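J.: give me the fold of what follows.
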Amino acid sequence: MRTKYPYKSLANTVEMMGRQVKHSLLFADNWLPERLEGPAELFWILKNNTTYVADPPGVELLQSMPSLFKDNFWGVSGAGDCDCFTITAIACCVVRDIPVRMVLVGNSGAPTHVYAEVKDAGNWVAFDLVAPAYGQTKKYAKKQLLGIIS
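T.: Down below sits the predicted model:
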């Protein structure tokens, strides 16, 4: 399921992302290997299957994991932006019992980026599929944690 609609509000977008995560759980469970060595392995599996493409102007495109990989808006499997990637990352973490939370960040005003953080060896680690590597994200002046998702 993909949702394409004019941007309304941050709260609405976060709510819609939650719906897309729920819609993604069964697909994630079937798509992923049954066993993972940990969050870093999951990161690289997803990183190697995603390609960053910005949303169309004036539209907030939220693709569930099935849409991201099978019915992609752009016609390219894995093509999406930070919110699509975060939906997928959270769904995958939930089905593989990896503690995960959503993070909104920006430098001023409203957040401009979203990513997941995972608990790895007792520490919260950035799981930002837009970043070049596991544990990395850009520096932002403002960071808002939206809580642990299970």
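
J.: now the residue nearest in space to the middle of the chain, what are its backbone angles?
T.: The geometric centre of the chain, computed from its C-alpha atoms, lies nearest to residue 86 (Cα atoms, centre = their mean), at 0.7 Å. Residue 86 adopts backbone torsions of phi -70, psi -40, taken as degrees, to the nearest 10.

J.: residue 122 versus that one, what's the distance?
T.: Taking Cβ to Cβ, to the nearest Å as the measure, residue 86 falls 22 Å from residue 122. Quick note: C-beta positions are derived from backbone N, CA and C, even for glycine.

J.: now swap in residue 35 and tell me
T.: Where residue 122 is concerned, residue 35 sits at a distance of 21 Å (Cβ to Cβ).

J.: what of residue 64?
T.: For residue 64, the distance to residue 122 - Cβ to Cβ - is 31 Å.

J.: give me the distance between the residue nearest to the centre of the chain and residue 34.
T.: From residue 86 to residue 34 the distance is 23 Å (Cβ to Cβ).

J.: repeat that for residue 12.
T.: As defined by Cβ to Cβ, residue 12 lies at a distance of 35 Å from residue 34.

J.: again, but for residue 125
T.: Distance from residue 125 to residue 34, by Cβ to Cβ: 23 Å.

J.: which one's more surrounded, these two?
T.: Using other Cβ atoms under 10 Å, the more surrounded residue of residue 125 and residue 34 is residue 125, with 18 against 6.
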